[in-house]
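Student: Requesting a structural model of the entry that follows:
(2 chains)
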Protein chains: 2
Amino acid sequence: MRDFADRVKRLIVGRPVPSGALGETLLPKRIALPVFASDALSSVGYAPDEVLITLAVAGVAATVVSPWIALAVVAVLLIVVASYRQTVHAYPSGGGDYEVVSTNLGSHAGLAVASALLCDYVLTVAVSVSAGTSYLAAAVPSVSPYKVEIAVGIATLLAVLNLRGSRESGGAFAVPTYLYMGAIGVLAVTGLVQEATGALGSAPSASYEVVAQSGWEQGLTGMAGAFLVLRAFSSGCAALTGVEAISNGVPSFRRPKSRNAATTLLMLGTISALMLLSIVHLAGATGVRMAEDPATELLSNGVPLGEGYHQDPVIGQIAATVFADVKPMFYLITVVTGLILVLAANTAFNGFPVLASVLGRDEFLPRQLALRGDRLAYSNGIVVLWLGAVAFIVGFGASTNRLIQLYIVGVFISFTLSQVGMVRHWTRALALATDPGARRSMARSRVVNTVGAAGTGLVLLIVLLTKLTRGAWVTLLLMALLFLVMNRIRRHYRRVGQEMAIDDLHDARVLPAHVHAVVLASRLNRPTLRALTYALSTYPTSIEAVTVDAGDGAAERLLEQWEEADLPVPLTVLDSPLRELTRPIVSYVRSVRRESPRDLVVVFLPEYIVRHWWEQVLHSQTALRLKTALLFTPGVVVASVPWQLGAPGQTHVHRGVRATTPEGIADTDVASRRAEARRLRRAGSGR
Amino acid sequence: MRDFADRVKRLIVGRPVPSGALGETLLPKRIALPVFASDALSSVGYAPDEVLITLAVAGVAATVVSPWIALAVVAVLLIVVASYRQTVHAYPSGGGDYEVVSTNLGSHAGLAVASALLCDYVLTVAVSVSAGTSYLAAAVPSVSPYKVEIAVGIATLLAVLNLRGSRESGGAFAVPTYLYMGAIGVLAVTGLVQEATGALGSAPSASYEVVAQSGWEQGLTGMAGAFLVLRAFSSGCAALTGVEAISNGVPSFRRPKSRNAATTLLMLGTISALMLLSIVHLAGATGVRMAEDPATELLSNGVPLGEGYHQDPVIGQIAATVFADVKPMFYLITVVTGLILVLAANTAFNGFPVLASVLGRDEFLPRQLALRGDRLAYSNGIVVLWLGAVAFIVGFGASTNRLIQLYIVGVFISFTLSQVGMVRHWTRALALATDPGARRSMARSRVVNTVGAAGTGLVLLIVLLTKLTRGAWVTLLLMALLFLVMNRIRRHYRRVGQEMAIDDLHDARVLPAHVHAVVLASRLNRPTLRALTYALSTYPTSIEAVTVDAGDGAAERLLEQWEEADLPVPLTVLDSPLRELTRPIVSYVRSVRRESPRDLVVVFLPEYIVRHWWEQVLHSQTALRLKTALLFTPGVVVASVPWQLGAPGQTHVHRGVRATTPEGIADTDVASRRAEARRLRRAGSGR
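Tutor: Numbers count the residues shown, from 1 in each chain, chains lettered A, B, ... in the order given. As a prediction, the model looks like this:
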């Protein structure tokens, strides 16, 4: 059985890889950009869609504000980029927000950021994979009924690839990311040129009428209108997710690490902003129409489109318009955008396990998360992330629109706390610094981070206001739970650590005063004899054999054989009127402990080990149950003396020199004791 | 978790009962009859039905032979009764067919009988419960769509009652059995009187036309007709099942046991024969019509009855006719017949576990089957029977007609072998006996058993001929499998027994020459120290601590601490480039064993035991995996030194007198050794 499980694991995960293979290659900027950019850039694949869908609630007229929303998002983006450029300089170790906040605002704030980030990694996978599946459905419409299955399949594939330890080599990321940037660039430039020359066509959905939801017939007016715009804005802020990734990756950059990272961050911000602005602009110019429920809210000649209509993503629609006559370009753009979204999900598969391993090392999460698996990946973290992402994908039907309501909260909580932490960092640094030049630079950085904290804090507030009831409460609840659980885990490990700490090394040289050996016997056979002789060879201060009388006559038979064999150890028979085996033995051992609580009791357990799993059925699993029960009894050591059934060479193993007489081992004379002492002398120096 | 499982078990099974409660009460004949008769008498509830259904294949005219078939069945019944009266005298110990055949025809034949009986017990439950459910459906027609569910429910209820150890007290059986005999008696007498006075009405189904199956339009003619009659006869022989029960129960009778048992057997045979004959006669007289598939094969005014028709059992139809104006009598007869069928199933719940326990004791089945459960019942056997019966009920849709094809084969195999065994028994006895009176009586018995063997053998042949392709092959296959498995189990136990047998008791006094202690350490904490001190206290010939370097720096830290602590035991560091823990340790231990194969290696394993099951997640289960792996390594003893997290009083347990210096325990001088030897002297006499 175990062999089979092992073989299945090998098939999925591959052969184990030695630790030595773990090496870090330093990345030049041109490779670092695609490696860290896919998450941030990919959000252009869904952020414009969400803005348009939210605004469409108030009818098609409302979508005119979308460029302004895009500008606001870009403003926040630039603030965040500027802020993280400071972080990159101040914390080149790559600890990211968790390190910044833990160091500056204490471990509780750090734990809050960790909870937020963990949730957000899970949602990154769910959102990116779901959005990527939409692009696949745009290219191959027939797959759209199987979105959930496909999304789960992609997430599983990513998990397996990461379990196999296919660590992102720069090249694997560089090609599709540059292809994506190029494709969107060509799309944007071609579209803008077409617009300037008046050659820009209308999107396939431009002719549809958008039905405003009830209560919104007047368009964007009053407080409600403002609220809707804010909601659209917070959805658009999804474009900011992943910007912080570079701050975790500083150690991977070539020297000067911090400066190169900061430059890359700026490049990333600029490209991201340009993409977002041009896509939102072209969406308006081509007249793309989006709706939350396109089946009922989009009308063609006054008739709802119905369930048959598949709403293609914005980039897909723009590509179909701009390259109406160049079908291959449409397919390229759609496929590459889908691919980049999957790559974005893959970055979460890198980030989550690393963060979880840091938290495991810090004892906020099970320590197993800090162990590298067979292929050097943090396997346990990968599996947890996969389970979480699949739960979200299935739970929300792989709908980007529904998942996006849960997203971003976590990102902005960590953005805000991180920026506050940076402000505190600079304040502290200023208190110590004396060099005027350095002080000036620090003060400037502090201003940038203060603006960052205020900006991201404001966005967080907007996100909470507009999304709390629409799903963000799920994320907050999850974060709170994670926070509490991580705290409890830490408390558990602390308590255990304190309990196990050695206060006095003298303990190490104090042996137990009295050792009472209990040998369990059910029949007088060779396994029992082996347990007995081994027990005698440990020179316990007292020894007895114990058997249970379950009323079936076996105990009487054993007693007879025992007397006949004239063994050097007395046999105690425990009555068991209820025919149990475990309970009488455990309570007997407990009573021995109670009588002399400072003694150590060692239970010697002859155990039969069968060769085939099915043979287990033929031997009662008493030994296993007894071991488990005795492990919970304080002050008891359990020694399993196994007898491997059918194993060769068991017969003549233990014929040795330390012979005893029927009276036990007591008559060993002083001379032989001395000889023994000589042998024992070697104990200190090992074999 | 275990507590919860335990509580659920208590709820189902009840509180355990001490072994002392196991007492045997001796039964007078008037109580013994109902206790042992329910199985045999209950078959009147379905045997006539099966005869009529089989004959109906050739149309309604064919049913005229049913009284002749009943007479043939009664003839066989009387032969079997006469034969078992001999068994009862010759084997008063109650071992039944298994004992008779094993003793006289050898263990292989005995095993064949055992396989047959085990299969038949399972089928008794399935058939009886299914038939009982039909009676319930006759009384309450609305339940008929849920026959399978109800049958499974009844089987489960019986299993639970038997697990609770509600051993049949005579009274519980006497009331319904006598009620049943009385009810059928009243029905038969009233019906016969009505017939004599011309007052007997027609059965509800008398007006229906029976459609002969295709090929049978000519009725019972030729070889095919004879074959069909034989098939009807073998179905009718179902009435014989359970007759052998008394031969297993001789020890429960009052003295003179054998004679009382023989008398009871005769009473049982007579009642059974009378019932069968009168029911079959009345079925003909009232014109009961039965068909395999009543929906298509019964016509009312030329129109098939369709799926809505529920075919009531024969006794139900006769009761409805005879007591057309006395509805309560109809309900009484139906309900009591259903109840007696359930009681018949219950006798299998007594017989199967006892037979399985005998086979377990004889090592043909897992020995656990011979253990009495909490309530003194053989729980494991009950559970196995329940599983088997439920499988048959579900697999055959609780259809008595389909199940009956599988039944009886086993019964007649054991009947026949048992009678052959009895013939051998008398032949042997005759060879030894000298007293002419005794010899005459033995010779007479031998004639009876020879007739029995021939008769049952002939029936077995007929059953095999007519039913093999209709389902009996399933039973035969199952029996063959059981036979092979039981043989293999016996071989396994034999091999194990030989391997573990002690050929030379001198072994018991020979201690292992060299004991090499390996203490596993991952951190230097109190659990590790405890394992270390305990290992030292066993005075191994050599000792070392071992840790695994998985490349995470933990091993280096441990090495430093180890040197700092100046411990009296050297630390060996095992390299593990693949970051595994189990494999390096196991292969190291193996290599130690290889170097000195005559040594004993003891691995001391510090183990943390958590208080709550969820805390398990926080501690890697390395210890458990290691223990399992090491148990499979010959010549290795595994000593678990547990540390119960949070358990009180662990701190000061082991401060004792056997102090060692940093140089180890080697400088203990001769004087202290002597003192120790005095202490060890007590080892022989225990505590």
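
Student: Check which helix or strand the residue nearest to A:Ile315 when sequence neighbours are not counted maps to.
Tutor: Once flanking residues are discounted, A:Ile315 sits nearest to A:Thr337: 5.5 Å by C-beta to C-beta, 6 or more residues apart in numbering or on different chains. Backbone N, C-alpha and C define where each C-beta goes, glycine included. Here A:Thr337 sits within helix A:327-361, counting by DSSP states H and E.

Student: My read is that the residue nearest to A:Ile315 contacts A:Ser134, right?
Tutor: No: with contacts counted by C-beta atoms under 8 Å, A:Thr337 stays clear of A:Ser134, the gap being 9.6 Å.

Student: quick one: common contacting residues for those two?
Tutor: Common contacts of A:Thr337 and A:Ser134, defined by C-beta atoms under 8 Å, 6 or more residues apart in numbering or on different chains, comprise A:Pro313.

Student: Any stretches of the stretch 351-500 of chain A with poor pLDDT?
Tutor: A:375 (pLDDT under 70).

Student: Can you list the residue ranges for helices in it?
Tutor: A:379-395, A:400-403, A:409-432, A:436-467, A:473-500 (DSSP state H, counting those that start in this stretch).

Student: Out of these, the one nearest chain B is which?
Tutor: Closest approach to chain B among the helices of the stretch 351-500 of chain A (C-beta to the nearest C-beta): helix A:473-500, 3.9 Å.

Student: name the helices or strands packed onto that closest one?
Tutor: Packed against helix A:473-500 by the contact rule (3 or more C-beta pairs under 8 Å, 6 or more residues apart in numbering or on different chains; DSSP states H and E) you find helix A:107-139, helix A:409-432, helix B:526-537.

Student: Nearest to A:Glu564, out of these?
Tutor: A:Glu564 lies closest to helix B:526-537 among the helices and strands packed on helix A:473-500, at 32.6 Å (C-beta to C-beta).

Student: same for the helix or strand following that closest one, what does it pack against?
Tutor: Remark: after helix B:526-537, the chain's next helix or strand is strand B:542-549, criterion DSSP H and E. Applying 3+ C-beta pairs under 8 Å, 6+ apart, we find strand B:542-549 packed against strand B:515-520, helix B:526-537, helix B:554-565, strand B:571-575, helix B:582-595.

Student: Same list, those, but as a markdown table with distance to chain A, mean neighbour count and mean pLDDT please.
Tutor: A markdown table is the format used below for those (distance: least, C-beta to the nearest C-beta, whole Å; neighbours: other C-beta atoms under 10 Å in any protein chain shown; pLDDT from 0 to 100):
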| stretch | distance to chain A | mean neighbour count | mean pLDDT |
| --- | --- | --- | --- |
| strand B:515-520 | 6 | 25 | 91 |
| helix B:526-537 | 4 | 25 | 87 |
| helix B:554-565 | 5 | 15 | 88 |
| strand B:571-575 | 7 | 16 | 90 |
| helix B:582-595 | 8 | 16 | 88 |
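
Student: will you turn the helices and strands packed on helix A:473-500 into CSV that also has distance to A:Leu341?
Tutor: Output for the helices and strands packed on helix A:473-500, formatted as CSV (distance: least, C-beta to C-beta, whole Å):
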stretch, distance to A:Leu341
helix A:107-139, 3
helix A:409-432, 17
helix B:526-537, 49
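
Student: Of those, give the one that comes closest to B:Asn260.
Tutor: The minimum distance between B:Asn260 and the helices and strands packed on helix A:473-500 falls on helix B:526-537, with 64.6 Å, by C-beta to C-beta.

Student: Could you figure out how far the closest one is turned away from strand A:515-520?
Tutor: 90 degrees (axes from the mean of the first three to the mean of the last three C-alpha atoms, to 10 degrees).

Student: Out of the helices and strands packed on helix A:473-500, the one nearest A:Arg490 is which?
Tutor: helix A:107-139 (8.3 Å).

Student: and for the helix or strand that the closest one is followed by, what are the contacting residues?
Tutor: Later in the chain than helix A:107-139, the nearest helix or strand by DSSP H and E is helix A:147-163. Applying C-beta under 8 Å, 6+ apart, the contact partners of helix A:147-163 are A:12-13, A:125-126, A:129-130, A:132-134, A:136-137, A:143, A:342, A:345-346, A:349-350, A:353, A:373, A:375, A:377, A:379, A:382-383, A:385-386, A:389-390, A:393-394, A:397-398.

Student: With stretch A:553-565 instead?
Tutor: So stretch A:553-565 is contacted by A:521-524, A:545, A:547-549, A:571, A:573, B:502, B:505, B:508 (C-beta under 8 Å, 6+ apart).

Student: related to what we said a few turns ago, what would the helices and strands packed on strand B:542-549 look like in CSV with distance to B:Val326?
Tutor: As requested, the helices and strands packed on strand B:542-549 are exported to CSV (distance: least, C-beta to C-beta, whole Å):
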stretch, distance to B:Val326
strand B:515-520, 82
helix B:526-537, 80
helix B:554-565, 88
strand B:571-575, 88
helix B:582-595, 77
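
Student: Against chain B, how distant is the closest residue to A:Glu217 other than its chain neighbours?
Tutor: For A:Glu217, ignoring the flanking residues on the chain, the nearest one in space by C-beta to C-beta, 6+ apart is A:Gly59 at 7.5 Å. Plainly put, A:Gly59 is 52 Å away from chain B if you go by C-beta to the nearest C-beta, to the nearest Å.

Student: do A:Glu50 as well
Tutor: 37 Å.

Student: Would you mind putting the helices of the stretch 351-500 of chain A into a markdown table with distance to A:Val243 and mean neighbour count alongside?
Tutor: Below are these laid out as a markdown table (distance: least, C-beta to C-beta, whole Å; neighbours: other C-beta atoms under 10 Å in any protein chain shown):
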| stretch | distance to A:Val243 | mean neighbour count |
| --- | --- | --- |
| helix A:379-395 | 20 | 21 |
| helix A:400-403 | 19 | 22 |
| helix A:409-432 | 9 | 22 |
| helix A:436-467 | 11 | 18 |
| helix A:473-500 | 19 | 16 |
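
Student: Including distance to A:Ala199, could the ones you listed go into CSV?
Tutor: As requested, the helices of the stretch 351-500 of chain A are arranged in CSV below (distance: least, C-beta to C-beta, whole Å):
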stretch, distance to A:Ala199
helix A:379-395, 40
helix A:400-403, 31
helix A:409-432, 39
helix A:436-467, 38
helix A:473-500, 45
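
Student: burial of the residue nearest to A:Glu217, as a residue count?
Tutor: For A:Gly59, the count of nearby residues is 19 (other C-beta atoms under 10 Å in any protein chain shown).

Student: what do you get for A:Ala212?
Tutor: Neighbour tally, A:Ala212, other C-beta under 10 Å: 18.

Student: Can you give me the pLDDT of it?
Tutor: The per-residue pLDDT reported for A:Ala212 equals 84.

Student: dump the residue contacts of it.
Tutor: A:Ala212 touches A:Ala56, A:Val57, A:Ala58, A:Gly59, A:Ala62, A:Gly219, counting by C-beta under 8 Å, 6+ apart.
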